[in-house]
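1. Could you look at this predicted model? Sequence included:
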Amino acid sequence: MKLPAAMDTDAGATRFGDIIYERIVGMIADGNFPVNERLPSEEKLAVMFGASRPVIREALEHLRSDGLIVSRKGSGSYVRQRPDSSMLKMVPVGSLADVQRFFEFRAGLEAEAAELAARNWQPADKERITAALLDIEQCLRDGKLGAEEDQALHDAIAMATGNQFHITVREWFRPHFAIGHSVTRSLSLKRTEEQIRSVQDEHAVIVEAILARREADAHDAMKRHILNARARMFQGV
């Protein structure tokens with residue numbers, strides 16, 4: 001199914017601000033802008049990248065939102081954390097900003113799906129959700145990526161909503177969902193066993209709340225999980 005043009009990364013040229021944003025992320029990941037060091041001023045960055053100051057300001061705002069930099073009043077912007085450079089190789093060039101924005105979109109969408117699933121699930125849904133959670137657990141034991149299994153759990157939750165639009169949206173944006181699951185799980189394999197387990201624990205909390213029909217808890221657990229996944233993209237390994 002063809003993606004809506006607004007989300008199709010081939011539909012048009014990538015916004016210049018997104019390119020600058022991605023280049024700065026790359027320079028932080030490569031150590032060119034070290035952790036705890038001050039970034040060059042907006043004026044210097046504008047000259048460095050051949051961009052206007054409003055474009056630089058927009059890129060810096062995204063970096064702050066992602067937790068990569070922090071602003072200190074009267075002092076400028078400082079690098080807060082250094083992501084793993086391999087992360088940039090896992091997403092199409094120029095699309096990192098869209099991947100992050102899609103996580104923001106998912107946080108609202110999937111939190112609502114989890115709440116609806118808690119309200120509406122049927123026995124067949126319970127079976128699918130439980131099986132999907134166990135499949136991810138098996139991947140952890142086998143040391144496998146588990147991206148498809150992770151996505152299958154979220155698909156099963158969408159199906160349990162009883163609302164065809166939640167299912168349709170996942171089909172429309174399947175490539176975008178797939179990138180998010182693949183990147184976060186690929187990075188998780190490079191982390192400690194405790195960190196890997198914490199991700200699965202988040203899944204377990206979501207499933208427990210859904211199957212107990214605790215709608216608000218399911219909503220909040222899913223939102224935390226998606227926002228944590230977004231943050232984990234930029235954590236060092």
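-> Cool, got the structure. Numbers count the residues shown, from 1 in each chain.

2. how many neighbours does the closest residue in space to Glu43 that isn't next to it in sequence have?
-> In this structure, Glu43 finds its nearest non-sequential neighbour in Arg53, 6.8 Å apart by CB to CB, 6 or more residues apart in numbering. (Glycine included, C-beta is placed from N, CA and C.) For Arg53, the neighbour count with other CB atoms under 10 Å is 12.

3. if I look at Arg53, how far off is Ala46?
-> Arg53 sits 5 Å away from Ala46, going by CB to CB, to the nearest Å.

4. Check whether the residue nearest to Glu43 really touches Ser41, as I assumed.
-> No: under the criterion of CB atoms under 8 Å, Arg53 is not in contact with Ser41, lying 9.6 Å apart.

5. For the helix or strand containing Ile157, name the packing helices and strands.
-> According to DSSP states H and E, Ile157 maps onto helix 147-160. With contacts taken as 3 or more CB pairs under 8 Å, 6 or more residues apart in numbering; DSSP states H and E, helix 147-160 sits against helix 96-120, helix 123-142, helix 164-172, helix 174-188, helix 193-211.

6. Could you check how far the fourth one is from the centre of its chain?
-> On the basis of CA atoms, centre = their mean, to the nearest Å, the separation between the geometric centre of helix 174-188 and that of its chain is 8 Å.

7. The last one too?
-> When distances are taken as CA atoms, centre = their mean, helix 193-211 is centred 16 Å away from the chain's centroid.

8. neighbouring contacts of that helix?
-> Applying CB atoms under 8 Å, 6 or more residues apart in numbering, the external contacts of helix 193-211 come out as 114, 117-118, 121, 126, 129-130, 133, 136-137, 140, 150, 153, 157, 160, 184, 188-189, 217-218, 221-222, 224-225, 228-229, 232.

9. what's downstream of it, the next helix or strand?
-> Next element after helix 193-211 (DSSP H and E): helix 215-232.

10. residues in contact with that next one?
-> 66-67, 100, 103-104, 106-108, 110-115, 117-119, 157, 180, 184, 187-188, 199, 202-203, 205-206, 209-210.

11. Which of those are buried, as a PyMOL select command?
-> Remark: buried members of these, expressed as a PyMOL selection using 16 or more other CB atoms under 10 Å:
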select buried, resi 66+100+103+106+107+110+111+112+113+114+115+117+118+157+180+184+187+188+199+202+203+205+206+209+210
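
12. So the residue of the chain most remote from its centre: helix, strand or coil?
-> With distances taken as CA atoms, centre = their mean, the residue sitting farthest from the centre of the chain turns out to be Gly74, at 31.6 Å. Here Gly74 is coil, with the state taken from DSSP: H, G, I helix; E, B strand; the rest coil.

13. try Pro40
-> coil.

14. Pull the number of nearby residues for it.
-> Counted with other CB under 10 Å, the neighbours of Pro40 add up to 15.
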